[in-house]
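A.B. asks: 3D, please:
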Amino acid sequence: MTRTGALKRSLLALGLAASLLCSVSYLKAQTTDPNETNSKDQTDIEKRIRNAGQVLDEIMGVKDSAIPDKIMSDAECVAVVPSMVKIALGFGGSHGKGVATCRTANGWSAPAPFSITGGSWGLQIGGQAVDLVMLVMNQKGMDALLSSKFKIGADASAAAGPVGRQAAADTDWKMKAQVLTYSRARGVFAGIDLNGAKISQDRDETHVLYGKMIPFATILSGKVSPPNGSEPFLAAVRKYAAQARDQGSLNVPADVRADAH
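C.D. replies: Now for the predicted structure:
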């Protein structure tokens, strides 16, 4: 009877402890200010937008290894992923979040948050963070992006983009690819093969940035105004698209020419 009583007392104590823990968790959830969570999320997406603009500034600041002006001028959409994480141990994988903008009749669209996931095969060990830049070069590629969920290489053809002076020798890039892809790791900027990577709208960050869920195509087609915090990224895109105009591009819309002044 003594052992049975002790067992009952132990079970009762555990039950009381579990109930207390649940009560504390519930009270914490009830007293947590939802604005604190929203504020943190807002800070995260705004930081990502700032970092995306900074990535473009740093990449385009070194002309010999930058995205060629002609390519920037012809891009229909610009997407940047700051610090995409790539981890490999036997089989590699990668995941990142970024923002995209597309040309519209009234200039560049508001930024649309998206996520990208992809895998790499091979015996690899190690991990690194890379910055990604993707340029959508024609209407078909833009249609794939506007679908809000597509696979690079399957739904839109892709190729590692030429950089700097290499572009002069590579004259068929526009014919062979709807998406040109670039990466920067450890200070080295070059084209990268992203075939197989999947891109989809980041619904959670869209909700945080705009206060509600807005479809990818609605944002990228210019039907919503850029929210607060968008300017660092959009200013960088406008700047380098306008710079390309000065290099002789024939495809810069009138609204972009106006933005340059």
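
A.B. asks: all strands for the stretch 1-150 of the chain, in order.
C.D. replies: 77-89, 91-104, 107-108, 112-120, 125-136, 149-151 (DSSP state E, counting those that start in this stretch).

A.B. asks: redo these as a markdown table? Include distance to Lys70, mean neighbour count and mean pLDDT.
C.D. replies: (C-beta placed from N, C-alpha, C; glycine too.) Listed next are the strands of the stretch 1-150 of the chain as a markdown table, based on distance: least, Cβ to Cβ, whole Å; neighbours: other Cβ atoms under 10 Å; pLDDT from 0 to 100:
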| stretch | distance to Lys70 | mean neighbour count | mean pLDDT |
| --- | --- | --- | --- |
| strand 77-89 | 14 | 21 | 78 |
| strand 91-104 | 15 | 20 | 83 |
| strand 107-108 | 18 | 22 | 94 |
| strand 112-120 | 25 | 20 | 83 |
| strand 125-136 | 11 | 19 | 77 |
| strand 149-151 | 25 | 16 | 85 |
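
A.B. asks: tell me which of those strands approaches Tyr182 most closely.
C.D. replies: Among these, the nearest to Tyr182 by Cβ to Cβ is strand 125-136 (4.3 Å).

A.B. asks: CSV for the strands of the stretch 1-150 of the chain, including distance to Tyr182?
C.D. replies: Output for the strands of the stretch 1-150 of the chain, formatted as CSV (distance: least, Cβ to Cβ, whole Å):
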stretch, distance to Tyr182
strand 77-89, 10
strand 91-104, 13
strand 107-108, 19
strand 112-120, 13
strand 125-136, 4
strand 149-151, 18
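
A.B. asks: for those, which one sits closest to Arg184?
C.D. replies: strand 125-136 (4.4 Å).

A.B. asks: returning to that earlier point: what's the closest of the strands of the stretch 1-150 of the chain to Ile214?
C.D. replies: strand 112-120 (8.5 Å).

A.B. asks: any residues touching that closest one, and which ones?
C.D. replies: 45, 48, 79, 81, 84, 86, 88, 91-101, 132, 152, 194, 196-202, 205-206, 209, 216, 219-220 (Cβ atoms under 8 Å, 6 or more residues apart in numbering).

A.B. asks: list the neighbouring strands of it plus their orientation.
C.D. replies: strand 91-104 (antiparallel), strand 198-201 (antiparallel) (DSSP bridges).

A.B. asks: in TSV, list the ones you listed along with distance to Ser147.
C.D. replies: Listed next are the strands paired with strand 112-120 as TSV, based on distance: least, Cβ to Cβ, whole Å:
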stretch	distance to Ser147
strand 91-104	13
strand 198-201	9
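
A.B. asks: residues touching Phe150, list them.
C.D. replies: 144, 156, 198-199.

A.B. asks: what about the closest residue to Ala160 other than its chain neighbours, distance to Arg184?
C.D. replies: Distances taken as Cβ to Cβ, 6 or more residues apart in numbering place Gly191 nearest to Ala160, at 2.8 Å, with adjacent residues excluded. Using Cβ to Cβ, to the nearest Å, one gets 11 Å for the distance from Gly191 to Arg184.

A.B. asks: just Leu209 next, same as before
C.D. replies: 25 Å.

A.B. asks: ok, the two, which is more surrounded?
C.D. replies: Leu209 (27 against 19; other Cβ atoms under 10 Å).

A.B. asks: can you pull up the bridge partners for the residue nearest to Ala160?
C.D. replies: Tyr182.

A.B. asks: my guess is it contacts Gly164. True?
C.D. replies: No: under the criterion of Cβ atoms under 8 Å, Gly191 makes no contact with Gly164, lying 10.9 Å away.

A.B. asks: out of these two, which sits in the busier spot?
C.D. replies: Just comparing Gly191 and Gly164: by other Cβ under 10 Å the higher neighbour count belongs to Gly191, 19 against 15.

A.B. asks: show me what contacts the more buried one?
C.D. replies: 159-163, 180-183.

A.B. asks: show me which of those is closest to Leu56.
C.D. replies: Looking across the contacts of Gly191 and measuring by Cβ to Cβ, the closest to Leu56 is Tyr182, at 10.7 Å.
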